[in-house]
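when you get a sec, could you give me coordinates for this:
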Amino acid sequence: MVLVAMVAVTGVSPAFAHWNGTGQDIASIAIYPYSYNSTWQTPMNKALSNWNATASPANFYKSSYSGSTITVKSYSNTWYGNYQRCGGSCMYVRLNVRTINRDASNFSNFVTSTLVHEFGHALNLAHNSLTSIMNTSRNRDSMTKPQSHDVADVNSYY
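Numbering: from 1, shown residues only. Below is the predicted model of the structure:
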């Protein structure tokens, strides 16, 4: 009886959350400053802002002391973006120029959506099939912000 009351009060139950457990230990994540042309830089900066504007502890910021990097280049892989934890509070995020240029109708939104998604992995979010930035079938040309389910999962994790 007490357990049922606790679940009702806390909201999202861990059984319904979509976590991957491969993200960062804290939701405040420093990224080494990146410098690309404005075609890439503007939507990449928007991705940081889109997470930082949520009602969650997510805080992405640039710091020259960070070992975390975002690399934009052409990869032969089929993915648009890739997240990898490199230990401690370090992460590598890669954006694939080849696939993004090939498939984007709205280039700026597509880049922002892809990077917001990869930042979701840094926040321990897993892929899901909901109306979510973590849905791999989302419309990247229009969905550029974390959705309510994404924010709830981050809040439940941290």
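
so which residues of the protein form helices?
2-10, 38-52, 97-103, 107-122, 148-157 (DSSP state H).

these two touch, right, residue 48 and residue 60?
Yes - assessed by CB atoms under 8 Å, residue 48 is found in contact with residue 60 at 4.3 Å. Backbone N, C-alpha and C define where each C-beta goes, glycine included.

intersection of neighbour lists for these two?
Contact criterion CB atoms under 8 Å, 6 or more residues apart in numbering; residues shared by residue 48 and residue 60: 31, 119.

from the chain's centre, how far out does stretch 91-104 sit?
How far stretch 91-104 lies from its chain's middle: 14 Å, per CA atoms, centre = their mean, to the nearest Å.

same check on stretch 71-88?
Here the centre of stretch 71-88 is set off from its chain's centre by 13 Å, with CA atoms, centre = their mean.

dump it to CSV, keeping only the CA atoms.
What follows is stretch 71-88, C-alpha atoms only, in CSV (Å, rounded to 0.1, in the frame of the first residue of the first chain):
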residue,chain,number,x,y,z
THR,A,71,33.1,16.5,-34.3
VAL,A,72,31.4,17.3,-37.6
LYS,A,73,32.7,15.3,-40.6
SER,A,74,31.8,12.8,-43.2
TYR,A,75,31.6,9.2,-42.0
SER,A,76,30.9,6.1,-44.1
ASN,A,77,28.4,4.9,-41.5
THR,A,78,24.7,5.2,-42.0
TRP,A,79,23.9,7.1,-38.8
TYR,A,80,23.3,10.9,-38.5
GLY,A,81,24.8,11.3,-35.1
ASN,A,82,26.7,9.1,-32.6
TYR,A,83,27.3,9.4,-28.9
GLN,A,84,30.1,7.6,-27.0
ARG,A,85,31.1,8.0,-23.4
CYS,A,86,34.9,8.2,-22.9
GLY,A,87,35.0,7.8,-19.2
GLY,A,88,34.2,10.0,-16.2
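
not counting sequence-adjacent ones, nearest residue to residue 33?
Distances taken as CB to CB, 6 or more residues apart in numbering place residue 62 nearest to residue 33, at 4.4 Å, with adjacent residues excluded.
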